[in-house]
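**Q** Sharing a model that was predicted from the sequence below.
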Amino acid sequence: MAQVDKTRGYPLWFPELSSTLPEDYHRTGLKIGDVGIVTEDGIFDVLFNICLPENHPIHRSHGVPSNFRQVILNRQDVHEFPLADTQGLVLETQSVSHRTVPGSLSGNPTA
C-alpha cells in the first residue's frame, strides 16, 4: 500500500472519461496537457488541452481561452515512472484505508 501525497493530487471517484469527449480520447485516455476541473462527483471534466493545437477536435465543445497558445513539449520534458502504477498497488489516504476480506463465491458460471 502507498500513502497518497496530498501535493500530488488524489484518486478520482470516477476515472472513466466523459462520453462527450472525442473518440480519440476513449482510445488513448487522458493526455499530458489536459486542463479541466474536478467536479463535486469526483469526475475530471476536460476543458481543453494546452499541448494540442487550437483546432483539435477536443476543443470543439468548450473552446480555448482567448489568449490560448499551444505548448510544445520536447521528449526531455516528459518523465516516465513505470513503477508508479504497479499492478496490485493500493492508494489510500488518512480518511480511506484498504481492507482485505477473505471470501469465496459459488454458483453456476454458465448461468
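**A** That came in fine, so what should we check first? Numbering: from 1, shown residues only.

**Q** just the helices in this protein please.
**A** Counting by DSSP state H, one finds helices in the chain at the ranges 23-28.

**Q** which stretches of it aren't confidently modelled?
**A** For the chain, the stretches flagged by pLDDT under 70 are 1-15, 83-99, 105, 107-111.

**Q** which stretches of it form strands?
**A** 2-3, 34-38, 44-49, 91-92 (DSSP state E).

**Q** the inter-axis angle of the third one versus strand 34-38?
**A** When axes from the mean of the first three to the mean of the last three CA atoms, to 10 degrees is applied, the directions of strand 44-49 and strand 34-38 differ by 150 degrees.

**Q** So which elements touch strand 44-49?
**A** strand 34-38 (3 or more CB pairs under 8 Å, 6 or more residues apart in numbering; DSSP states H and E). (Glycine included, C-beta is placed from N, CA and C.)

**Q** returning to that earlier point: so which of the strands of the chain gets nearest V71?
**A** The closest of those to V71 is strand 44-49. By CB to CB, the value is 9.4 Å.

**Q** what lines up beside that closest one in the sheet?
**A** Paired with strand 44-49 in the same sheet, following DSSP bridges, are strand 34-38 (antiparallel).

**Q** residues of the strand it pairs with that come out buried?
**A** Residues D34 are the ones in strand 34-38 that count as buried (16 or more other CB atoms under 10 Å).

**Q** how about the strands of the chain in TSV, adding distance to F81?
**A** Output for the strands of the chain, formatted as TSV (distance: least, CB to CB, whole Å):
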stretch	distance to F81
strand 2-3	12
strand 34-38	18
strand 44-49	20
strand 91-92	14
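
**Q** so which of those strands comes closest to H79?
**A** Across the strands of the chain, H79 has its closest neighbour in strand 34-38 (17.0 Å, CB to CB).

**Q** No more questions from me, cheers.
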